[in-house]
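Novice: missing the sequence, but the structure's below:
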């Protein structure tokens, strides 16, 4: 099984370097262009028969661009939504208090969720997807922090490697799962 992971296209918050967890905002014009580029990339992998998408608008818009180019089954799964950054939503990503809070993996963000809580839902999702094996090649359309957690599921990362991994908007990563059958 191959699992392709794409991050949604650019939003205004991305362009402005703001924290955009569960804040539900659309793609920018550049984000729509990136989504079209992702569709071209996905077309190079005709074995992808299933796309599973975060329910947030930016991921849904990205997925719709892919579907226009690459017809396949589409499912929406709330476990792929971005981390809830609570109090920090809409604030600058480089603010010192946000950067410090990000390092507290087990501690929930004020009015939000912890990295461990998010990782649990993503790991549970991946465990189920892999055991189901309903498709040989699957495309997941999600978010930056979700992509980071997915990477940690498949690769042994140090805390520093984990925190420094950044998947660009509409970049495509692939992970191969060896069949248990």
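Specialist: Arrived safely, thanks for sending. Being a predicted model, the structure only gives us computed values, none of them experimental.
Novice: pull the longest helix from this protein.
Specialist: Secondary structure of the chain per DSSP state H: the longest helix is helix 115-132.
Novice: Any buried residues in it, and which?
Specialist: Of all the residues in helix 115-132, those buried under the rule 16 or more other C-beta atoms under 10 Å are 115, 117, 118, 119, 121, 122, 125, 126, 129, 130. Glycine gets a C-beta too; all of them are placed from N, C-alpha and C.
Novice: Can you check the pLDDT for the first one?
Specialist: The pLDDT attached to residue 115 in the predicted structure is 97.
Novice: distance of it from residue 59?
Specialist: Distance, residue 115 to residue 59, by C-beta to C-beta, to the nearest Å: 19 Å.
Novice: swap in residue 32?
Specialist: Applying C-beta to C-beta, the value for residue 32 to residue 59 is 13 Å.
Novice: sorry, back to before: and the following helix or strand past the longest helix of the chain, what does it pack onto?
Specialist: The first helix or strand that comes after helix 115-132 along the chain, using DSSP states H and E, is strand 137-142. Under the contact definition 3 or more C-beta pairs under 8 Å, 6 or more residues apart in numbering; DSSP states H and E, strand 137-142 sits against strand 2-7, strand 48-53, helix 57-69.
Novice: Leaving out sequence neighbours, find the closest residue to residue 101.
Specialist: Leaving aside its chain neighbours, residue 101 sits nearest to residue 109 (5.9 Å; criterion: C-beta to C-beta, 6 or more residues apart in numbering).
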